[in-house]
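In: no sequence for this one, just the structure:
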């Protein structure tokens, strides 16, 4: 290998090394720049080490990515030299090829390039920009991080807060920090809220840290519940206290020195988020289901369960009722779910299958079940239950109950298709004729014909005809024709003689005299006289039944289209019968005799009559009495006349009521602060005009809106009313 070829390989290796070192230095400088703020914020050695490691790992990954995406070798350097040095005549790559494989022309060009090869000029044109850029950008960042590493850390990275107190006090609350450690079962990591109006999980461990200055001897965490927590100090101006998040409240910090001088901070709101019980939604089966005892299919059960932090245990609680009357036996079972599938968030899809045969259910038995679930709350988990599902097995062998004393027969009502529904179903059959088979078409047409026949018999009962044979005059011509055919060889019967055709007819045995008197009598068993309908109504009803006969004939013979006109005619006649059959009669009942007022007036006895007095209690319970009292005190008295004892009592009571409101509504925290500043100024004997004005506005905003009440005009006449009366009388002004 010639000297120019060796030089090209070395230049490529140097470029790769410088590129990797530049990216590693950039990552280290970034880690140093990140480690400085972490150290100053109180992250400790662990946080600093993590920041440096993150920067170095990032640099290594950048170097590896550069080597994979843009590999550099001697050929790459040769192509760069061809673009940068014109004297090489774009032939630098010939120096990397073995001379034995080159032709005569290539050998001549190679010799020409070797004569013009200048190592110093070649090194000067190889780029080294990445190393310069990494040095220029990373050096200031590394210096800034180093300066922060040399400085002492701030008091555990706590936020600086302002705490009002007595003027001229040497006590100072420099910083306050809260660390929230949720319960272990929630699976949430510890966190530090960015503000002082925080929200914590129920049962979370709260760690309060203070940084103070001055001669602070004692420090307390004072919640609105009244149970103070004492801070423990490490002797270097840092204090620590631990509490549990049980309910929402307001807290404040109170510092005190050896001389009894105290400093109290503002109120901070701590909202506790309770752990809700699981929610269960029954997807399958339906709430009430019944099955035949001959075929008991498996019953799939699907339930959606959801909870704030996850569902722990779930089970099916089933109860099987067997027997009748007083011999009912109950079995209670606890069945597990076969599948628990995770859903979005902390939800689960629960699946199970109930084998009714394996559970021993028979005819008449019933199964009731619901789902019970618990969450992961410790030590006392929350429980919830779903709605109850009822599954019954039909008992076809059980007779219908009957009470013979009252003749209450447990029979099902009869159900008929109306004429309008028959028309709708027939039109639908015609529309579906091209989509269904001929067998199904015939079955549906025959079914409509049967329903039309049932409806025809139903309306025939209103005419006093309850049998098929009695409907011949109304359209059964085919039956009448069959009955008219008689054998020719039989002689005609004489009067009063029974024949095979009238052997079962009681009127055939009656004498001729009685038959002659039939036209002058009224028979209640005659079909024409068996109803209360008028003749016009019966004629229309008879015509409707005849139209139903024709419709039934066409439907039974698979001709639904010709049946439609008869069906429409029957429907119209039925509607006319309904209108004609409406009868309006006068109400029949007891009508008492008229009262003779002249004889009965003022004759009653008053010994059992007492005077009744209704006294309306219009008193309403005041929701904020202390706030109203403080408002009356501040608005009714001059600032100089406020007495320390009375004013402090009123302002303290108003503060307690506002604190209860501020737990749920943080808008009242500024009002509570202004009220406390006013109370401090009153206790010192000073006048704070701004505090008083802000406190009055805040107290007014805390009051609920006034309820509308009746208004009455003033008793005396106003000057405007007197002037108006004078003008009406026409008197001079």
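Out: Received it, and whenever you're ready, just let me know what you need. The shown structure was predicted, so the numbers you read here are calculated from the model rather than taken from an experiment.

In: Longest helix in this structure, please.
Out: The helix spanning the most residues in the chain, taking DSSP state H as the definition, is helix 3-40.

In: how about that helix: buried residues?
Out: Using 16 or more other Cβ atoms under 10 Å as the test for burial, helix 3-40 gives 4-5, 7-8, 11-12, 15-16, 18-20, 22-40. For every residue, glycine as well, the C-beta is placed using N, CA and C.

In: average pLDDT across the next helix or strand after that helix?
Out: Next helix or strand after helix 3-40 toward the C-terminus (DSSP states H and E): helix 44-69. For helix 44-69, mean pLDDT is 78.

In: tell me how far helix 44-69 is from the chain's mean position?
Out: 45 Å (Cα atoms, centre = their mean, to the nearest Å).

In: buried stuff in it?
Out: So helix 44-69, judged by 16+ other Cβ under 10 Å, has buried residues 47-48, 50-52, 55-56, 58-59, 62-63, 66.

In: State the next helix or strand along the chain beyond that helix.
Out: Sequence order places helix 74-84 as the next helix or strand after helix 44-69, per DSSP H and E.

In: Buried ones in the very next helix or strand once past that next one, by neighbour count?
Out: Beyond helix 74-84 on the C-terminal side, the first helix or strand identified by DSSP H and E is helix 104-116. Neighbour-count burial for helix 104-116 flags 110, 113 (criterion: 16+ other Cβ under 10 Å).

In: for the record, mean pLDDT for whichever helix or strand comes after helix 104-116?
Out: As assigned by DSSP H and E, the chain's next helix or strand after helix 104-116 is helix 119-125. The average of the pLDDT scores along helix 119-125 is 72.

In: do the same with stretch 538-557
Out: For stretch 538-557, the mean per-residue pLDDT is 90.

In: Residue 116 - nearest residue in space that isn't next to it in sequence?
Out: Of all residues not flanking residue 116 in the chain, residue 87 sits nearest, at 4.8 Å (Cβ to Cβ, 6 or more residues apart in numbering).

In: thought the one you found was touching residue 114?
Out: No: using Cβ atoms under 8 Å, residue 87 is not in contact with residue 114; the gap is 11.9 Å.

In: list the helices and strands the longest strand along the chain packs on?
Out: Criterion DSSP state E: the longest strand present in the chain is strand 311-322. The contact analysis (3 or more Cβ pairs under 8 Å, 6 or more residues apart in numbering; DSSP states H and E) places strand 311-322 against strand 299-306, strand 329-335, strand 348-354, strand 366-375.

In: give me that answer again for 10 Å
Out: On a contact count with 3 or more Cβ pairs under 10 Å, 6 or more residues apart in numbering; DSSP states H and E, strand 311-322 meets strand 279-284, strand 299-306, strand 329-335, strand 348-354, strand 366-375, strand 383-385, strand 389-393.

In: Figure out which of these is closest to residue 178.
Out: Among the helices and strands packed on strand 311-322, strand 366-375 comes nearest to residue 178, with 26.2 Å by Cβ to Cβ.

In: For the closest one, buried residues please.
Out: For strand 366-375, the buried set under the neighbour-count rule, 16+ other Cβ under 10 Å, comprises 367-375.

In: Out of the residues you listed, the closest to residue 130 would be?
Out: residue 375 (56.2 Å).

In: Would you mind confirming that that closest one is in contact with residue 277?
Out: Yes: using Cβ atoms under 10 Å, residue 375 is in contact with residue 277, at 6.7 Å.

In: what is in contact with the two at once?
Out: Counting by Cβ atoms under 10 Å, 6 or more residues apart in numbering, the common neighbours of residue 375 and residue 277 are 307-308, 381-384.

In: who touches residue 632 in this structure?
Out: Counting by Cβ under 10 Å, 6+ apart, residue 632 has contacts residue 650.

In: Can you say which helix or strand has it in it?
Out: Assigned by DSSP H and E, residue 632 belongs to helix 625-636.

In: ok, the closest residue to residue 701 other than its chain neighbours - how many residues close by?
Out: For residue 701, ignoring the flanking residues on the chain, the nearest one in space by Cβ to Cβ, 6+ apart is residue 671 at 6.9 Å. Using other Cβ atoms under 10 Å, residue 671 has 23 neighbouring residues.

In: cool, residue 707 as well?
Out: When counting by other Cβ under 10 Å, one arrives at 6 neighbours for residue 707.

In: before we move on, what about residue 197?
Out: Applying other Cβ under 10 Å, we find 12 other residues in the vicinity of residue 197.

In: wait, isn't it in contact with residue 269?
Out: Yes: counting by Cβ under 10 Å, residue 197 does reach residue 269; the two are 4.7 Å apart.

In: Alright, that wraps it up for me.
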